[in-house]
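[1] Here is my input; please provide its structure:
(chains A and B)
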Amino acid sequence: NAGVTQTPKFQVLKTGQSMTLQCAQDMNHNSMYWYRQDPGMGLRLIYYSASEGTTDKGEVPNGYNVSRLNKREFSLRLESAAPSQTSVYFCASSEGIYISQPQHFGDGTRLSIL
Amino acid sequence: AQKITQTQPGMFVQEKEAVTLDCTYDTSDPSYGLFWYKQPSSGEMIFLIYQGSYDQQNATEGRYSLNFQKARKSANLVISASQLGDSAMYFCAMREVYGGATNKLIFGTGTLLAVQP
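    Below you'll find the model as predicted:
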């Protein structure tokens, strides 16, 4: 009963390096999301994909790109990592875009950029 | 303007007692959803309970209930009979229809709950 799986769980990068965070869900959900969690700020939406083949910017998209590879997988890429991107990254999925459909989260990726 | 406000950064509760975690929200949309998530020290985000803006009754899920007061724009989480395993960070979140992104969950800053034996 995996739900949403994120890899890796931890990563340390140097400034300027690139990195792709992977996310896969096995719940046959249509919508997927990437959030970042910073101390004292709650979670903020980076990008989301309402359905396979579509992606849209969230609240804090600068410095990131995403790819909805197929219905199961949604990756987040940092092209040139910056210390300000040190955070915990969460992937989530939901059945669809209706208000009542909760988002289910992965365990997070702790990313440190030196 | 902050859309979700959780005014309690941290709280203590005795085991077996009930506790209320406060959440107020701000929206001009008539249709919205309110969620509570639990984040234990292990880091995962766990969905607890949902309340829709048009729901007539307060939502309940086991020991969790949501005290929804629409006129006051509050959606407080009530945990009955607290257990040690309830110690965690709790986030209130809102999802709106309008604003271009129906998928967006707006989170509060969270309340850290510590259950004492």
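[2] Quick check: residues of chain A near chain B?
    With Cβ under 8 Å from any Cβ of the partner chain as the criterion, chain A meets chain B at residues A:31, A:33, A:40-45, A:48, A:50, A:56, A:58-59, A:88, A:90, A:92, A:94, A:97-100, A:102-108, A:110. From N, CA and C alone the C-beta is placed, and that goes for glycine too.
[3] what residue ranges in chain A score low on pLDDT?
    Per-residue confidence for chain A (pLDDT under 70) gives these ranges: A:1.
[4] Number of residues surrounding residue 68?
    Since no chain was named, I'll use chain A. Counted with other Cβ atoms under 10 Å in any protein chain shown, residues neighbouring A:Arg68 total 20.
[5] that's the other chain; I wanted chain B
    By the measure other Cβ under 10 Å, the count of residues near B:Phe68 is 20.
[6] okay, it: pLDDT?
    B:Phe68 carries a pLDDT value of 96.
[7] cool, the one 4 residues further on as well?
    Note for B:Arg72: predicted pLDDT of 95.
[8] what about the closest residue to it other than its chain neighbours, how many neighbours?
    Using Cβ to Cβ, 6 or more residues apart in numbering or on different chains and skipping the chain neighbours, the partner closest in space to B:Arg72 is B:Thr24 (7.5 Å). Applying other Cβ under 10 Å, we find 18 residues neighbouring B:Thr24.
[9] so B:Thr24 touches B:Ser74, yeah?
    Yes. Applying Cβ atoms under 8 Å as the test, B:Thr24 and B:Ser74 come out as touching, 4.9 Å apart.
[10] ok, back up a step: write down the beta-bridge partners of the residue nearest to B:Arg72, one by one.
    For B:Thr24, the beta-bridge partners under DSSP bridges are B:Thr5, B:Ser74.
[11] for residue 40, what are its contacts?
    Answering for chain A, as no chain was given. When contacts are counted by Cβ atoms under 8 Å, 6 or more residues apart in numbering or on different chains, A:Gly40 is found next to B:Thr109.
[12] that answer is for a different chain, and I need it for chain B
    Applying Cβ under 8 Å, 6+ apart, we find B:Pro40 in contact with B:46, B:87-89.
[13] Contacts for stretch B:24-33 next, please.
    A:99-100, B:1-5, B:7, B:34, B:50-54, B:72-75, B:92, B:94-99.
[14] ugh, wrong one, stretch A:6-21
    If you take Cβ under 8 Å, 6+ apart as the criterion, stretch A:6-21 is touched by A:22-23, A:34, A:75-83, A:89-91, A:106-114.
[15] can you do 6 Å?
    Surrounding stretch A:6-21, the residues in contact under the criterion Cβ atoms under 6 Å, 6 or more residues apart in numbering or on different chains are A:22-23, A:75-81, A:89, A:91, A:106, A:109-114.
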